[in-house]
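S.K.: Kindly return the folded structure for what I paste below:
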Amino acid sequence: MPLNPSVILKAVHLCKTYAAGGEQFHAVRNVSLDIREGEFTVIMGDSGSGKSTLLYVLSGMDAPTSGEIHFEGERIDRYKEKKMAAFRSRKIGYVYQSINLVPDLTLFENIALPGYIAGLGKAETEKRAAELMNEMEISPLRRRLPSQVSGGQQQRAAIARALIHSPSLLFADEPTGSLNHEHGVAVLDILTACNRRGQSVVMVTHDIKAAARADRLILIRDGRIGGELHFGEFPEANAAQREEMIFAFVTGKE
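M.R.: Below is the predicted model of the structure:
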């Protein structure tokens, strides 16, 4: 399936079903969407709506039950496990809500690890890791373990780790969910800055203020797309106005 040049990822009739207690749970139901290059896309929905499952499937972290996923012109949902792992190590960055750093590695080692896995080479990986730590303002912490720094500093390291191999697409699953307001804003500033430099970003959040950073908002209800909001249609809207628009869109209140 040929893609529009601006479309980096395309999902077609995507479904994900789990079996639990002898019953089937339909987490993602017939989702079709395009993710465009350089776009900041936010996925919102109630708890249990399927938004995080959708992110896992789109990123190749989990396999769909049915449907198609096309990435930069290739159909990746057919990839075997080894090929999918290699694809993710080259093309996908993933920021977890739980941060998920390796506890007995330093921040520098955590950031560099995916670069080694992607085959960047030692010199290039370490140069890139140092640059990212400087960009994230955590250079003085390079020899610290995750347990020796704040949650916000850990999440900055996690973002650097996800960017070490220059992924085509960065996924972020509730990246501010475990942070206080100040650290959460700092993390959103970093993701926004990455996007403005051309990084394609797809972020799951429940936070309206975080969602206001997006170019496009996708609402998920019961595993289905419940609607989309394109902020490009409202170029004059400021942050407060965007938040009001999102609240009305998500709640159905005018």
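S.K.: what about the residue lying closest to S98 once chain neighbours are set aside, how many neighbours?
M.R.: Nearest non-adjacent residue to S98, counting by Cβ to Cβ, 6 or more residues apart in numbering: S178, 6.9 Å away. In this view, the C-beta of every residue, glycine as well, is placed from N, C-alpha and C. S178 has 16 neighbouring residues, counting by other Cβ atoms under 10 Å.
S.K.: do the same with Y116
M.R.: Residues near Y116, counting by other Cβ under 10 Å: 17.
S.K.: Model confidence score at it, please.
M.R.: We have a pLDDT of 93 for Y116.
S.K.: which element is the most centrally placed residue in the chain on?
M.R.: In the chain, the centroid-proximal residue (Cα atoms, centre = their mean) is F171; its distance is 1.6 Å. Applying DSSP states H and E as the criterion places F171 in strand 169-173.
S.K.: Looking at the next helix or strand after that strand now, give me its mean pLDDT.
M.R.: Note on strand 169-173: by DSSP H and E, the next helix or strand toward the C-terminus is helix 181-196. On average, the pLDDT along helix 181-196 is 93.
S.K.: which other helices and strands contact helix 181-196?
M.R.: Counting by 3 or more Cβ pairs under 8 Å, 6 or more residues apart in numbering; DSSP states H and E, the packing neighbours recorded for helix 181-196 are strand 40-44, helix 151-163, strand 169-173, strand 200-204.
S.K.: on that earlier part again, from Q97, how far out is the residue nearest to the centre of the chain?
M.R.: According to Cβ to Cβ, to the nearest Å, F171 and Q97 sit 11 Å apart.
S.K.: Kindly report the same for P64.
M.R.: Distance check for P64 against Q97: by Cβ to Cβ, it reads 22 Å.
S.K.: who's more crowded, the two?
M.R.: Between P64 and Q97, counted using other Cβ under 10 Å, the more crowded position is P64 (22 against 18).
S.K.: can you list the weak-confidence ranges in the stretch 1-150 of the chain?
M.R.: Within the stretch 1-150 of the chain, the stretches with pLDDT under 70 are 1-5.
S.K.: Right, I'll call it a day here.
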